[in-house]
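[1] take a look and give me a structure for this.
(chains A, B, C and D)
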Number of protein chains: 2
Amino acid sequence: MKDVAARAGVGLKTVSRVVNGEPGVTPETERRVQEAIDALGFRRNDSARVLRKGRTASIGLVLEDLADPFYGPLSRAVEEVARAHGALLINGSSAEDPERERELVLALCARRVDGLIVIPAGDDHRYLEPEIGAGMAAVFVDRPAGRIDADVVLSDSYGGARAGVAHLIAYGHRRIGFVGDHPRIHTATERLRGYRAAMAEAGLPVADSWVSLGSTDPERVTGAATAMLSGPEPVTALFAGNNRVTVTAVRVLAGLPRPVALVGFDDFELADLLRPGVTVVAQDAAALGRVAADRLFHRLTGATPRPARTELPTRLIPRGSGEIPPGA
Amino acid sequence: MKDVAARAGVGLKTVSRVVNGEPGVTPETERRVQEAIDALGFRRNDSARVLRKGRTASIGLVLEDLADPFYGPLSRAVEEVARAHGALLINGSSAEDPERERELVLALCARRVDGLIVIPAGDDHRYLEPEIGAGMAAVFVDRPAGRIDADVVLSDSYGGARAGVAHLIAYGHRRIGFVGDHPRIHTATERLRGYRAAMAEAGLPVADSWVSLGSTDPERVTGAATAMLSGPEPVTALFAGNNRVTVTAVRVLAGLPRPVALVGFDDFELADLLRPGVTVVAQDAAALGRVAADRLFHRLTGATPRPARTELPTRLIPRGSGEIPPGA
DNA sequence: CTGAAAGCGCTTACAG
DNA sequence: CTGAAAGCGCTTACAG
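    Model (predicted):
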């Protein structure tokens, strides 16, 4: 900028005015400055600008895995809101590791992102207290923050799972298996709670062997589902706790001689083209991202509402797999 | 930092040493400084650090759409390489709009990211010349840069499409349709070139009505595929130019009374569970990202190889849909 | 309409 | 082992 000023024969502040389109510069001066800018290939260094202004015009998004199809639309929705506010998105994957989540979040704080959207891997976020105290805005998505009071935007996991299991019960099932994600993950336990509620409301018992929480690794899920489907009193229907479990469950059921009912949490592409089509409890990933980002930018404009919990509804989409009666 | 120094009764530089783990500080001094840091909730402001050091420890990734399942694994792979080098990832979607791509890229340059990975939407990147001249490193992925000489990492679209179409020909097809992305997109024209090569090598003519390039919008693709499949001399097989076209083609074919062969470019989840399984020419999205990021960081360590073009091989995966003979 | 001085919060290059 | 001064490249708050 100094070089530009020298070449155009003006002061630093005038260059700054031209670069930022501020008023109060003669057309002739502006022309000279612009010429110098072009000749020197000058581009404003935003690092310096950020240091002076205090705002980085960027927000951080920490999620589990950018490669998971659930997070793509969510990220994109956050990005669109950020873009509408002139902010860039810094993205990071925690790989479901609380320590990695913490490192990422603190690195983003050190960069002074204007705000943070976090899909938490860990269940203790007290490490964020000093940051929030220092003015950092943070919104949690998909799972609540642990041990701190913060905004959170969730899908109605409990209600969705309950409706999905009730759907299977309505089709005559009495022995229904539940295969879900690791019990450390909030959505997994909420969905299990929904399953138990639906069973209890129908007066049905739940055998321990019908419930399996753990890694969504295909081998683990295959083993768990296969165990429930064998033995003297196999389950006649399966409720899958998330998209990855559902996909593996579809593979397991495809290899079975008899049809078994299946309802999965999370919709996925082509679910309608499988035979049978896969009945799912759909959640709106893009809406989760959009609502969370809106909340964040609301805070960034100076509003300081008390931290709130927002639950987005889910939607049951019958496609065939969830309407198979027991013993079909 | 000034406050920390004052509270600990030391100089600024000593605080800096402790914060950065530099040697040459008495344990006792370090303890005092650490205490002040904790008491004040101090966190180093990386904006200032960046300004002084000249490196932001971040790279930019501009792609078409974060929500597209093809880009998720690619982004994640880039992120992992960046992480290994201590860098964060700033992500942006061009939405296939050249002007938006340009805005994003220039915004990232203004932030002085250390390097750039770009999946180009436009075909003229001369706007990057001043930046590259000023030392910005850029690697293009999936499609080459337009009108500038730059590193590029691609899948072998030509060879993959040619192999896919040859596969259909080997199963007896003579009239094969090609539905692809917009002709402005490099991969679309390369895959079309592969299609034409395979047809020519088999001595087969290509009717104009068998080829349709354009938007991957489901309506457009449905119309194009339907037209090729009707009339007095309908095609007996379809080659789909990318993942989104393939998905729509599967839907179209599912509604047809007779079986029609299909080979798609890009693999997708559950392709093996559809009936018939979908035969695809698979490319490795994660490898594209990994190789591009490796190249970028190689440049960032000071190496200045001449810009090179790297082509990653594709792999034909027969699953059933591509092995349906004509008139089956 | 224009510009000189101070300062954002660090690191660098020295000096003690 | 420790620290004072200068500077990274901008913007802010003034003054003319």
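
[2] going forward, measure contacts between C-alpha atoms and count neighbours the same way
    Fine.

[3] residue A:179 belongs to a helix, doesn't it?
    No: per DSSP: H, G, I helix; E, B strand; the rest coil, residue A:179 lies outside any helix segment and is strand.

[4] tell me what it is bridged to.
    When bridges are called by DSSP bridges, residue A:179 pairs up with residue A:212, residue A:240.

[5] any idea how far the residue in the stretch 51-200 of chain A that DNA strand C sits nearest to lies from residue B:313?
    In the stretch 51-200 of chain A, the residue that lies nearest DNA strand C is residue A:52 (3.7 Å; C-alpha to the nearest atom of the strand). Distance, residue A:52 to residue B:313, by C-alpha to C-alpha, to the nearest Å: 48 Å.

[6] and the residue lying closest to residue A:258 once chain neighbours are set aside, what does it touch?
    Excluding its sequence neighbours, the residue lying closest to residue A:258 (C-alpha to C-alpha, 6 or more residues apart in numbering or on different chains) is residue A:328, at 7.5 Å. By C-alpha atoms under 8 Å, 6 or more residues apart in numbering or on different chains, the contact list for residue A:328 reads A:258, A:259, A:260.

[7] residue A:327 now?
    A:236, A:259, A:260.

[8] likewise for residue A:262?
    By C-alpha under 8 Å, 6+ apart, the residues touching residue A:262 are A:237, A:238, A:239, A:240, A:278, A:279, A:321, A:322.

[9] take the residues you listed and keep only those in strands.
    When DSSP state E is applied, the contacts of residue A:262 are split such that A:237, A:238, A:239, A:240, A:279 fall in strands.

[10] re the thing from before, with neighbour count and secondary structure added, can I get the contacts of residue A:328 in CSV?
    Listed next are these as CSV, based on neighbours: other C-alpha atoms under 10 Å in any protein chain shown; DSSP: H, G, I helix; E, B strand; the rest coil:
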residue, neighbour count, secondary structure
A:258, 11, coil
A:259, 18, coil
A:260, 22, coil
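
[11] dump these into JSON lines; add pLDDT as well.
    Formatted as JSON lines, the contacts of residue A:328 follow (pLDDT from 0 to 100):
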{"residue": "A:258", "pLDDT": "93"}
{"residue": "A:259", "pLDDT": "94"}
{"residue": "A:260", "pLDDT": "97"}
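
[12] got JSON lines for the residues you listed, with distance to residue A:227 too?
    Output for these, formatted as JSON lines (distance: C-alpha to C-alpha, whole Å):
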{"residue": "A:258", "distance to residue A:227": "15"}
{"residue": "A:259", "distance to residue A:227": "16"}
{"residue": "A:260", "distance to residue A:227": "14"}
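
[13] for those residues, which one is nearest residue B:228?
    Residue B:228 lies nearest to residue A:259 out of the contacts of residue A:328, by C-alpha to C-alpha, at 36.9 Å.

[14] what's the separation between the nearest residue to the closest one once chain neighbours are set aside and residue A:171?
    Closest residue in space to residue A:259, ignoring its immediate chain neighbours: residue A:328 at 6.4 Å, by C-alpha to C-alpha, 6+ apart. Applying C-alpha to C-alpha, the value for residue A:328 to residue A:171 is 11 Å.

[15] tell me where the stretch 201-328 of chain A has strands.
    Ranges of strands in the stretch 201-328 of chain A, per DSSP state E, counting those that start in this stretch, are A:211-213, A:237-240, A:261-265, A:279-282, A:309-312, A:315-317.

[16] any idea which of those gets closest to residue B:83?
    Ranking the strands of the stretch 201-328 of chain A by proximity to residue B:83 (C-alpha to C-alpha) places strand A:211-213 first, at 30.5 Å.

[17] in the closest one, what counts as buried?
    By 16 or more other C-alpha atoms under 10 Å in any protein chain shown, the buried positions in strand A:211-213 come out as A:211, A:212, A:213.

[18] now distance to DNA strand C and pLDDT too, for those residues, in a markdown table please.
    What follows is those, written out as a markdown table (distance: C-alpha to the nearest atom of the strand, whole Å; pLDDT from 0 to 100):
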| residue | distance to DNA strand C | pLDDT |
| --- | --- | --- |
| A:211 | 50 | 98 |
| A:212 | 48 | 98 |
| A:213 | 44 | 98 |
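
[19] identify, from the contacts of residue A:262, the entry nearest to residue A:95.
    Residue A:95 lies nearest to residue A:240 out of these, by C-alpha to C-alpha, at 21.2 Å.

[20] the closest one - how many residues pack around it?
    Neighbours of residue A:240 under the rule other C-alpha atoms under 10 Å in any protein chain shown: 30.

[21] next one: the one 5 residues further on
    When neighbours are defined as other C-alpha under 10 Å, residue A:245 has 26 of them.

[22] okay, now the domains of chain A?
    A:2-44, A:55-155+A:285-312, A:157-283+A:316-323 (automatic domain parsing).

[23] could I get the full set of helices for chain A?
    Ranges of helices within chain A are A:2-8, A:12-19, A:27-40, A:46-53, A:71-84, A:98-110, A:129-133, A:157-170, A:186-201, A:218-228, A:243-254, A:285-300, based on DSSP state H.

[24] pLDDT score assigned to residue A:103?
    We have a pLDDT of 96 for residue A:103.

[25] start to end distance for stretch A:122-140?
    End to end - C-alpha to C-alpha - stretch A:122-140 spans 12 Å.

[26] so for stretch A:269-283, what's the average pLDDT?
    The average pLDDT within stretch A:269-283 is 95.

[27] who's in contact with residue A:34?
    Contacts for residue A:34 (C-alpha under 8 Å, 6+ apart) come out as residue A:18.

[28] hmm, I was thinking of residue A:288
    Here residue A:288 is in contact with A:74, A:141, A:142, A:153, A:154, A:155, A:312 (C-alpha under 8 Å, 6+ apart).

[29] show me which of those neighbour chain B.
    residue A:74 (C-alpha under 8 Å from any C-alpha of the partner chain).

[30] closest to residue A:83 out of the contacts of residue A:288?
    Closest approach to residue A:83 among the contacts of residue A:288 (C-alpha to C-alpha): residue A:74, at 14.3 Å.

[31] how near is the closest one to residue B:83?
    22 Å.

[32] looking at these two, which is more packed in?
    Using other C-alpha under 10 Å as the criterion, residue A:74 and residue B:83 rank with residue A:74 on top: 23 against 17.

[33] does residue A:149 touch residue A:307 like I think?
    Yes: at 6.5 Å, residue A:149 counts as touching residue A:307 under the criterion of C-alpha atoms under 8 Å.

[34] tell me who's in contact with the nearest residue to residue A:35 once chain neighbours are set aside.
    Sequence neighbours aside, residue A:8 is the residue nearest to residue A:35 in space, at 7.8 Å (criterion: C-alpha to C-alpha, 6+ apart). Going by C-alpha under 8 Å, 6+ apart, residue A:8 touches A:32, A:33, A:35, A:36.

[35] how near is the second one to residue A:16?
    Put plainly, it is residue A:33. From residue A:33 to residue A:16 the distance is 10 Å (C-alpha to C-alpha).
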